[in-house]
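Asks: Here's a sequence, model it:
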Amino acid sequence: MLSKIEQAYEARDLATLDALAKPTFRVLNKKNNFRSVLMLSCDKLKHLNKIESLDADCIMLNLEDGVSKEDKHFALVLCAIFLTIHKECDKKLVVRVNALDEGGYEEITYLNQFMPDAIRVPKIKNKKEVESVLALLNEEIELHLSIETSEAWHNLSSLKRDRRVTAFYLGILDLFADMKLSQSLINLNNPTMLYMLSHFLVTSKAMRVKPVSFVYQDFKNLDEFSLWIELEKSMGYDAKGCISPDQVRLTNKMFVDAEAEIKRAKVIVKLFEMHRDSGVTGFVDDEYGFIDEPIYKGALALLENKS
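Replies: Numbering: from 1, shown residues only. So this is what the prediction gives:
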């Protein structure tokens with residue numbers, strides 16, 4: 001199938017790609033403990049081919065910014081195809097659609113049949129828009145919201161209209177632009193920035209919604225990126241948007257909950273040894289996903305290093 005996709009992609013053959021996008025049942029990833037959220041443009045086949053090998057806990061399949069108007073449908077179909085390829089994935093697969101008035105509703109309707117783990121809606125403004133999306137969205141799919149308009153910020157505490165609303169993303173650049181605030185305020189010591197991070201975190205947590213901190217655009221400046229993570233972790237954040245593999249690795253490393261990691265490793269060792277005694281060395285656990293011998297050995301190594 002991958003060869004057919006590649007041939008159609010190179011030929012820009014949308015009709016063939018449409019035929020390859022077949023609705024499928026997916027085992028949804030309901031985990032909400034992701035740390036790193038890596039943006040992946042759905043119009044780039046080479047990016048989509050890397051999904052399985054990426055270190056990110058959550059993959060943001062992007063249809064919005066960075067995808068040209070001419071390639072929007074092309075990207076949408078490729079997104080659907082790769083959802084069918086990854087019928088079960090240890091990474092959370094979230095699709096960021098376009099703004100609701102720019103094709104978002106239509107994209108959600110189409111994607112319902114391909115069952116992403118979540119849909120992320122940008123430029124959300126108020127509870128009525130959230131309710132309109134929830135009415136359209138498959139009841140098993142989670143809804144994530146980008147908080148990047150002044151209206152959304154003002155209405156933040158009213159946006160969780162249903163249990164399916166599980167994550168908010170702080171879109172700081174668009175939010176500052178909409179509020180007519182200078183981007184120069186986005187620095188580690190600015191009181192306005194510290195207030196916004198605090199308010200976003202506390203308001204989200206009070207509603208049992210996961211707050212994901214903003215994307216740091218200077219992806220080569222890992223020293224300052226690490227300072228942002230240190231600050232955010234000290235405030236209570238446990239997830240951040242990323243735009244490079246290096247940012248992902250640093251985020252995963254710095255947002256590790258050592259106690260939770262040890263507990264996870266102990267459970268994996270116990271589960272694997274129980275199954276191995278029955279002659280099974282590869283299985284899926286509801287909480288920890290696919291477990292085989294390499295994962296078992298990794299858990300043993302972690303416990304040995306901590307002892």
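
Asks: So Leu61 sits against Leu40, correct?
Replies: Yes: applying Cβ atoms under 8 Å, one finds Leu61 in contact with Leu40, separated by 5.8 Å. Placement of C-beta: from N, CA and C, glycine included.

Asks: Please enumerate the shared neighbours of the two.
Replies: Between them, Leu61 and Leu40 share the neighbouring residues Leu48, with contact defined by Cβ atoms under 8 Å, 6 or more residues apart in numbering.

Asks: Looking at the two, which is more packed in?
Replies: For Leu61 versus Leu40, neighbours defined as other Cβ atoms under 10 Å are more numerous around Leu61 (26 against 20).

Asks: That one looks like it's in a helix, true?
Replies: No: using DSSP: H, G, I helix; E, B strand; the rest coil, the assignment for Leu61 is strand, not a helix.

Asks: Check the gap between it and Glu107 for me.
Replies: Spatial separation of Leu61 from Glu107 under the definition Cβ to Cβ, to the nearest Å is 11 Å.

Asks: Now for the two: what residues contact both?
Replies: Residues within reach of Leu61 and of Glu107 at once, by Cβ under 8 Å, 6+ apart, are Val95.

Asks: Okay, now the unreliable bits of the chain?
Replies: Low-confidence segments of the chain, defined by pLDDT under 70, are located at 306-307.

Asks: How many neighbouring residues does Ser132 have?
Replies: Residue neighbour count, defined by other Cβ under 10 Å, stands at 14 for Ser132.

Asks: May I ask which helix or strand encompasses it?
Replies: helix 127-136 (DSSP states H and E).

Asks: Just the CA trace of that helix, in PDB.
Replies: In PDB, the C-alpha atoms belonging to helix 127-136 read as follows (Å, rounded to 0.1, in the frame of the first residue of the first chain):
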ATOM      1  CA  LYS A 127     -19.100  27.800  24.000                       C
ATOM      2  CA  LYS A 128     -21.600  27.900  21.100                       C
ATOM      3  CA  GLU A 129     -18.800  27.000  18.700                       C
ATOM      4  CA  VAL A 130     -17.600  24.200  21.000                       C
ATOM      5  CA  GLU A 131     -21.200  22.800  21.300                       C
ATOM      6  CA  SER A 132     -21.600  22.900  17.500                       C
ATOM      7  CA  VAL A 133     -18.400  20.800  17.100                       C
ATOM      8  CA  LEU A 134     -19.400  18.300  19.800                       C
ATOM      9  CA  ALA A 135     -22.800  17.900  18.000                       C
ATOM     10  CA  LEU A 136     -20.900  16.900  14.800                       C
END
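
Asks: Show me what that helix is in contact with.
Replies: Everything outside helix 127-136 that qualifies as a contact, by Cβ under 8 Å, 6+ apart, is 100, 105, 108-109, 112, 119, 121, 124, 143, 145, 155, 158-159, 161-162, 164-165.

Asks: Go through it and flag the buried ones.
Replies: Of the residues in helix 127-136, those scored as buried under the neighbour-count criterion (16 or more other Cβ atoms under 10 Å) are 129-130, 133-134.

Asks: Show me the contacts of helix 127-136 that map onto helices.
Replies: Taking DSSP state H as the definition of helices, the contacts of helix 127-136 contribute 105, 108-109.

Asks: Give the full set of residues in contact with the residue positioned nearest the centre of the chain.
Replies: The geometric centre of the chain, computed from its C-alpha atoms, lies nearest to Cys58 (Cα atoms, centre = their mean), at 3.8 Å. Going by Cβ under 8 Å, 6+ apart, Cys58 touches 34, 36-38, 91-94, 239.

Asks: Thanks again, I'm all set now.
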